[in-house]
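A.B. asks: Fold the stuff below for me.
(one chain, ligands or ions: 1)
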Amino acid sequence: MNSWPPVPTEPPARHPDAPAPDTELPEHYAYCFGCGSEVEHGLHLRATAGDDLTVRSRFLVTETHQGAPGLAHGGLLACAFDEALGTAVGHLLRRPAVTGRLETDFVRPVPVGTVLHIDAHIDGVAGRKVYVSAEGRMNSVVGDIAVRARALFVLVELKHFIDHGRREDLRKVAEDPGLLGRSVDLNP
Ligand SMILES: CCCCCCCCCC(=O)SCCNC(=O)CCNC(=O)[C@H](O)C(C)(C)COP(=O)(O)OP(=O)(O)OC[C@H]1O[C@@H](n2cnc3c(N)ncnc32)[C@H](O)[C@@H]1OP(=O)(O)O
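C.D. replies: Residues are numbered from 1 along each chain as shown. So this is what the prediction gives:
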(Lines give C-alpha, C1' and ligand atoms only; values in the text may rest on other atoms or scores of the structure.)
Protein backbone atom coordinates (compact mmCIF):
# COMPACT_ATOMS: atom_id res chain seq x y z
CA MET A 1 0.00 0.00 0.00
CA ASN A 2 1.12 3.56 -0.65
CA SER A 3 2.00 5.80 2.27
CA TRP A 4 -0.95 7.41 4.02
CA PRO A 5 -1.80 10.25 4.09
CA PRO A 6 -0.28 10.73 0.65
CA VAL A 7 0.79 14.33 1.28
CA PRO A 8 2.24 16.11 4.34
CA THR A 9 -0.60 16.91 6.76
CA GLU A 10 -1.26 18.75 9.99
CA PRO A 11 -2.58 16.78 12.95
CA PRO A 12 -6.38 17.19 12.93
CA ALA A 13 -7.98 18.97 15.88
CA ARG A 14 -11.18 17.59 17.36
CA HIS A 15 -13.66 20.47 17.46
CA PRO A 16 -14.32 21.69 21.03
CA ASP A 17 -18.07 21.18 20.46
CA ALA A 18 -17.69 17.70 18.96
CA PRO A 19 -19.93 15.13 20.67
CA ALA A 20 -18.39 13.53 23.75
CA PRO A 21 -17.04 9.98 23.44
CA ASP A 22 -19.84 7.35 23.54
CA THR A 23 -22.47 9.83 22.33
CA GLU A 24 -24.88 8.20 19.87
CA LEU A 25 -24.81 10.39 16.73
CA PRO A 26 -28.04 11.41 14.95
CA GLU A 27 -28.72 10.68 11.27
CA HIS A 28 -27.46 13.64 9.24
CA TYR A 29 -30.33 13.63 6.70
CA ALA A 30 -33.55 11.64 6.87
CA TYR A 31 -33.31 10.73 3.15
CA CYS A 32 -29.60 9.79 3.21
CA PHE A 33 -29.13 6.29 1.79
CA GLY A 34 -26.40 5.63 4.36
CA CYS A 35 -28.12 6.70 7.57
CA GLY A 36 -31.60 8.07 6.83
CA SER A 37 -34.63 6.64 8.59
CA GLU A 38 -36.90 7.54 5.62
CA VAL A 39 -35.05 5.22 3.19
CA GLU A 40 -36.73 1.85 3.53
CA HIS A 41 -33.92 -0.25 2.07
CA GLY A 42 -31.08 2.08 3.03
CA LEU A 43 -28.15 1.06 5.20
CA HIS A 44 -29.49 2.67 8.39
CA LEU A 45 -25.94 3.06 9.64
CA ARG A 46 -25.71 4.07 13.28
CA ALA A 47 -22.65 5.80 14.73
CA THR A 48 -21.15 6.61 18.10
CA ALA A 49 -18.45 9.17 18.82
CA GLY A 50 -15.22 7.56 19.90
CA ASP A 51 -12.17 8.92 21.68
CA ASP A 52 -10.11 11.64 20.11
CA LEU A 53 -10.45 11.44 16.30
CA THR A 54 -12.53 8.29 15.93
CA VAL A 55 -16.14 7.37 15.21
CA ARG A 56 -17.50 3.85 15.55
CA SER A 57 -20.36 2.86 13.17
CA ARG A 58 -22.34 -0.30 12.54
CA PHE A 59 -24.93 -1.61 10.13
CA LEU A 60 -26.75 -4.83 9.47
CA VAL A 61 -26.31 -6.35 6.00
CA THR A 62 -29.80 -7.33 4.87
CA GLU A 63 -31.14 -9.29 1.90
CA THR A 64 -31.77 -6.00 0.06
CA HIS A 65 -27.99 -5.36 0.13
CA GLN A 66 -27.00 -8.49 -1.86
CA GLY A 67 -24.64 -8.60 -4.84
CA ALA A 68 -24.30 -12.40 -5.04
CA PRO A 69 -26.64 -14.89 -3.35
CA GLY A 70 -26.40 -14.30 0.37
CA LEU A 71 -23.46 -11.88 0.10
CA ALA A 72 -23.21 -8.11 0.44
CA HIS A 73 -22.72 -6.03 -2.71
CA GLY A 74 -19.27 -4.40 -2.69
CA GLY A 75 -20.70 -1.06 -3.82
CA LEU A 76 -23.04 -1.00 -0.84
CA LEU A 77 -20.15 -1.78 1.49
CA ALA A 78 -18.25 1.14 -0.10
CA CYS A 79 -21.33 3.28 0.56
CA ALA A 80 -21.26 2.29 4.23
CA PHE A 81 -17.63 3.32 4.46
CA ASP A 82 -18.32 6.62 2.68
CA GLU A 83 -20.99 7.29 5.29
CA ALA A 84 -18.88 6.18 8.26
CA LEU A 85 -15.86 8.21 7.13
CA GLY A 86 -17.98 11.29 6.34
CA THR A 87 -19.67 11.01 9.72
CA ALA A 88 -16.27 11.13 11.40
CA VAL A 89 -15.29 14.26 9.47
CA GLY A 90 -18.65 15.98 9.96
CA HIS A 91 -19.07 15.33 13.67
CA LEU A 92 -15.48 15.60 14.85
CA LEU A 93 -14.41 18.61 12.78
CA ARG A 94 -17.95 20.06 12.53
CA ARG A 95 -17.32 21.31 9.00
CA PRO A 96 -19.29 20.42 5.83
CA ALA A 97 -17.26 18.17 3.55
CA VAL A 98 -17.76 15.91 0.54
CA THR A 99 -15.96 12.78 -0.58
CA GLY A 100 -13.31 13.56 -3.21
CA ARG A 101 -11.79 10.10 -3.34
CA LEU A 102 -12.64 6.75 -1.74
CA GLU A 103 -10.64 3.53 -2.00
CA THR A 104 -11.74 0.19 -0.61
CA ASP A 105 -10.02 -3.15 -0.05
CA PHE A 106 -12.50 -6.02 0.19
CA VAL A 107 -10.70 -8.60 2.32
CA ARG A 108 -13.46 -11.11 3.12
CA PRO A 109 -16.95 -11.77 1.74
CA VAL A 110 -19.67 -10.38 3.99
CA PRO A 111 -22.75 -12.64 4.33
CA VAL A 112 -26.29 -11.31 4.71
CA GLY A 113 -27.06 -11.11 8.44
CA THR A 114 -23.61 -9.78 9.34
CA VAL A 115 -23.35 -6.69 11.50
CA LEU A 116 -20.40 -4.74 10.14
CA HIS A 117 -18.57 -2.64 12.76
CA ILE A 118 -16.69 0.22 11.11
CA ASP A 119 -14.03 2.16 13.01
CA ALA A 120 -13.16 5.42 11.26
CA HIS A 121 -10.23 7.67 12.11
CA ILE A 122 -9.24 11.14 10.92
CA ASP A 123 -5.61 10.84 9.92
CA GLY A 124 -4.56 14.30 8.77
CA VAL A 125 -5.59 17.65 7.35
CA ALA A 126 -3.92 19.65 4.58
CA GLY A 127 -5.77 22.88 3.86
CA ARG A 128 -9.27 21.85 2.71
CA LYS A 129 -8.23 18.20 2.38
CA VAL A 130 -9.09 15.78 5.17
CA TYR A 131 -7.64 12.26 5.06
CA VAL A 132 -9.57 9.51 6.81
CA SER A 133 -9.38 5.73 7.04
CA ALA A 134 -11.47 2.90 8.42
CA GLU A 135 -11.64 -0.82 9.07
CA GLY A 136 -14.82 -2.91 9.04
CA ARG A 137 -15.01 -5.98 11.27
CA MET A 138 -17.59 -8.75 11.17
CA ASN A 139 -20.13 -9.14 13.99
CA SER A 140 -17.95 -7.65 16.73
CA VAL A 141 -15.58 -4.75 17.25
CA VAL A 142 -12.80 -7.33 17.48
CA GLY A 143 -14.13 -9.57 14.66
CA ASP A 144 -12.31 -10.44 11.44
CA ILE A 145 -11.57 -7.48 9.19
CA ALA A 146 -13.75 -7.66 6.06
CA VAL A 147 -13.12 -4.26 4.44
CA ARG A 148 -10.55 -1.48 4.74
CA ALA A 149 -11.05 1.98 3.26
CA ARG A 150 -9.24 5.27 2.86
CA ALA A 151 -10.70 8.52 1.69
CA LEU A 152 -10.07 12.14 0.96
CA PHE A 153 -12.83 14.50 2.03
CA VAL A 154 -12.76 18.09 0.80
CA LEU A 155 -14.15 20.84 3.05
CA VAL A 156 -16.79 22.88 1.24
CA GLU A 157 -19.02 25.86 1.95
CA LEU A 158 -22.79 25.52 2.46
CA LYS A 159 -23.07 27.05 -1.04
CA HIS A 160 -21.87 23.72 -2.51
CA PHE A 161 -25.14 22.04 -1.48
CA ILE A 162 -27.36 24.99 -2.38
CA ASP A 163 -25.80 25.36 -5.83
CA HIS A 164 -25.89 21.68 -6.76
CA GLY A 165 -28.85 20.13 -4.89
CA ARG A 166 -32.14 19.41 -6.66
CA ARG A 167 -34.50 22.33 -5.98
CA GLU A 168 -37.46 20.29 -4.72
CA ASP A 169 -35.33 18.50 -2.12
CA LEU A 170 -33.77 21.77 -0.93
CA ARG A 171 -37.30 23.21 -0.64
CA LYS A 172 -38.41 20.20 1.42
CA VAL A 173 -35.53 20.77 3.85
CA ALA A 174 -36.29 24.51 4.05
CA GLU A 175 -39.89 23.65 4.97
CA ASP A 176 -38.87 20.96 7.47
CA PRO A 177 -35.36 21.66 8.85
CA GLY A 178 -35.77 18.66 11.14
CA LEU A 179 -34.90 16.48 8.11
CA LEU A 180 -31.29 17.56 8.66
CA GLY A 181 -29.25 16.67 11.75
CA ARG A 182 -27.52 19.74 13.22
CA SER A 183 -24.02 18.25 13.44
CA VAL A 184 -21.88 20.69 11.49
CA ASP A 185 -21.36 24.44 11.74
CA LEU A 186 -22.81 25.69 8.48
CA ASN A 187 -21.25 29.14 8.88
CA PRO A 188 -17.98 28.46 10.74
C1 LIG B 1 -22.33 14.84 9.88
C2 LIG B 1 -22.24 14.78 8.43
C3 LIG B 1 -22.15 13.36 7.92
C4 LIG B 1 -22.01 13.36 6.44
C5 LIG B 1 -21.81 11.96 5.91
C6 LIG B 1 -21.84 12.00 4.43
C7 LIG B 1 -21.20 10.80 3.82
C8 LIG B 1 -21.33 10.80 2.33
C9 LIG B 1 -20.42 11.84 1.69
C10 LIG B 1 -20.62 11.86 0.20
O11 LIG B 1 -20.86 10.85 -0.39
S12 LIG B 1 -20.47 13.39 -0.60
C13 LIG B 1 -21.03 12.97 -2.26
C14 LIG B 1 -19.94 12.47 -3.15
N15 LIG B 1 -18.96 13.47 -3.46
C16 LIG B 1 -19.23 14.49 -4.30
O17 LIG B 1 -20.31 14.63 -4.83
C18 LIG B 1 -18.12 15.45 -4.57
C19 LIG B 1 -18.07 15.85 -6.04
N20 LIG B 1 -16.84 16.62 -6.29
C21 LIG B 1 -16.81 17.97 -6.08
O22 LIG B 1 -17.82 18.59 -5.77
C23 LIG B 1 -15.49 18.66 -6.25
O24 LIG B 1 -14.65 17.91 -7.10
C25 LIG B 1 -14.78 18.86 -4.88
C26 LIG B 1 -15.65 19.74 -3.95
C27 LIG B 1 -14.43 17.53 -4.19
C28 LIG B 1 -13.45 19.60 -5.11
O29 LIG B 1 -13.71 20.71 -5.94
P30 LIG B 1 -13.22 22.18 -5.56
O31 LIG B 1 -13.27 22.99 -6.82
O32 LIG B 1 -13.95 22.69 -4.38
O33 LIG B 1 -11.70 22.03 -5.08
P34 LIG B 1 -10.41 21.57 -5.90
O35 LIG B 1 -10.75 20.83 -7.17
O36 LIG B 1 -9.48 22.74 -5.98
O37 LIG B 1 -9.81 20.48 -4.88
C38 LIG B 1 -9.41 20.87 -3.57
C39 LIG B 1 -8.17 20.05 -3.26
O40 LIG B 1 -8.58 18.66 -3.20
C41 LIG B 1 -7.83 17.91 -4.16
N42 LIG B 1 -8.73 16.89 -4.73
C43 LIG B 1 -10.00 17.04 -5.08
N44 LIG B 1 -10.49 15.89 -5.58
C45 LIG B 1 -9.48 15.00 -5.50
C46 LIG B 1 -9.35 13.63 -5.86
N47 LIG B 1 -10.35 12.93 -6.38
N48 LIG B 1 -8.16 13.03 -5.67
C49 LIG B 1 -7.13 13.71 -5.13
N50 LIG B 1 -7.19 15.02 -4.77
C51 LIG B 1 -8.34 15.65 -4.97
C52 LIG B 1 -7.40 18.91 -5.21
O53 LIG B 1 -6.25 18.44 -5.92
C54 LIG B 1 -7.10 20.12 -4.35
O55 LIG B 1 -5.86 19.95 -3.74
P56 LIG B 1 -4.89 21.22 -3.42
O57 LIG B 1 -5.64 22.05 -2.40
O58 LIG B 1 -3.63 20.63 -2.90
O59 LIG B 1 -4.72 21.94 -4.74
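A.B. asks: Give me the pLDDT for the closest residue to E27 other than its chain neighbours.
C.D. replies: Residue nearest to E27 in three dimensions, not counting chain neighbours: C35, with 4.3 Å by C-beta to C-beta, 6 or more residues apart in numbering. In this view, the C-beta of every residue, glycine as well, is placed from N, C-alpha and C. We have a pLDDT of 97 for C35.
A.B. asks: Hmm, C35 is touching T87, no?
C.D. replies: Yes - using C-beta atoms under 8 Å, C35 is in contact with T87, at 7.5 Å.
A.B. asks: any common contacting residues for these two?
C.D. replies: Counting by C-beta atoms under 8 Å, 6 or more residues apart in numbering, the residues touching both C35 and T87 are H28, L45, A47.
A.B. asks: I'd like those as a markdown table, with pLDDT and secondary structure appended.
C.D. replies: Converted to a markdown table, the shared contacts of C35 and T87 look like this (pLDDT from 0 to 100; DSSP: H, G, I helix; E, B strand; the rest coil):
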| residue | pLDDT | secondary structure |
| --- | --- | --- |
| H28 | 95 | coil |
| L45 | 98 | coil |
| A47 | 98 | strand |
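A.B. asks: Output the set of residues of the protein in proximity to the ligand.
C.D. replies: Contact residues (C-beta under 6 Å from any ligand atom) of the chain with the ligand: 28, 34, 82-83, 86-87, 90-91, 98-101, 127-129, 152, 154, 156, 183-184.
A.B. asks: let's see 5 Å
C.D. replies: 28, 82-83, 86-87, 90, 98-101, 127, 129, 154, 183 (C-beta under 5 Å from any ligand atom).
A.B. asks: which of those residues lies closest to V61?
C.D. replies: Distances from V61 to the residues of the chain next to the ligand, taken as C-beta to C-beta, are shortest for E83 (13.9 Å).
A.B. asks: what's the neighbour count on the residue nearest to E27?
C.D. replies: 27 (other C-beta atoms under 10 Å).
A.B. asks: that's a helix at it, yeah?
C.D. replies: No - C35: not assigned to a helix; according to DSSP: H, G, I helix; E, B strand; the rest coil it is coil.
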